[in-house]
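A.B. asks: make a model of this:
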Amino acid sequence: MPYCPKCELEFLDGVTTCNDCGVTLVTEAPPAGDRADLVEFYRTTDRLESNLIRDYLTDRGVDCVVFDTAPYPFNVSDKYERRVFVTAATKAKAREALDEALEAGMLSKAGHFVVEPS
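C.D. replies: Okay, the predicted model is just below:
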């Protein structure tokens with residue numbers, strides 16, 4: 001099965017490009033254990049906002065992955081959630097970066113931060 005070397009999502013045979021990253025898919029097996037420490041960080045129904053967040057965090061050195069809950073890869077409906085995941089080690093850095101972006105009015109505030117249960 002092809003997978004994206006950037007966000008590590010698997011795709012059906014015949015798909016050649018990641019619909020989230022735009023990266024050409026590869027056929028090698030994904031590295032084991034790289035996503036074990038991912039934590040859900042942010043949720044939104046706005047596809048553009050989730051992509052802006054991904055790009056903004058990546059530009060600031062925070063690795064993140066956007067998981068689209070839509071059942072179809074090209075669904076642009078705001079009916080489905082987009083979930084942003086970051087590593088546990090970079091969660092504080094990611095929050096600081098997004099707080100700055102929110103204060104600057106760069107994001108729509110359509111989504112919300114995921115609060116971990118205490």
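A.B. asks: for the rest of this, base every contact and every neighbour count on C-alpha atoms.
C.D. replies: OK.
A.B. asks: show residues contacting whichever strand or helix holds Tyr42.
C.D. replies: Using DSSP states H and E, Tyr42 maps to strand 38-44. Residues outside strand 38-44 that contact it (CA atoms under 8 Å, 6 or more residues apart in numbering) are 50, 81-88, 91, 110-115.
A.B. asks: separation between Gly61 and Thr24?
C.D. replies: Distance of Gly61 to Thr24, given as CA to CA, to the nearest Å: 22 Å.
A.B. asks: so for these two, which sits in the more crowded spot?
C.D. replies: For Gly61 versus Thr24, the count of surrounding residues by other CA atoms under 10 Å is larger for Thr24: 15 against 12.
A.B. asks: bridging residues for that one?
C.D. replies: For Thr24, the beta-bridge partners are Thr17 (DSSP bridges).
A.B. asks: OK, contacts around it?
C.D. replies: Contacts of Thr24 (CA under 8 Å, 6+ apart): Cys4, Thr16, Thr17, Cys18.
A.B. asks: which two in the residues you listed are spaced the farthest apart?
C.D. replies: Cys4 and Thr16 (9.2 Å; CA to CA).
A.B. asks: that older thread, just the buried ones among the contacts of strand 38-44, please.
C.D. replies: If you count burial by 16 or more other CA atoms under 10 Å, the buried members of the contacts of strand 38-44 come out as Ser50, Glu81, Arg82, Arg83, Val84, Phe85, Val86, Thr87, Lys91, Gly111.
A.B. asks: save those as CSV, and put in pLDDT too.
C.D. replies: Listed next are the buried ones among the contacts of strand 38-44 as CSV, based on pLDDT from 0 to 100:
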residue, pLDDT
Ser50, 87
Glu81, 83
Arg82, 86
Arg83, 88
Val84, 90
Phe85, 90
Val86, 91
Thr87, 88
Lys91, 91
Gly111, 80
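A.B. asks: what pairs with the strand holding Tyr42, parallel or antiparallel?
C.D. replies: In the sheet, strand 38-44 lines up with strand 82-87 (antiparallel), strand 112-113 (antiparallel) (DSSP bridges).
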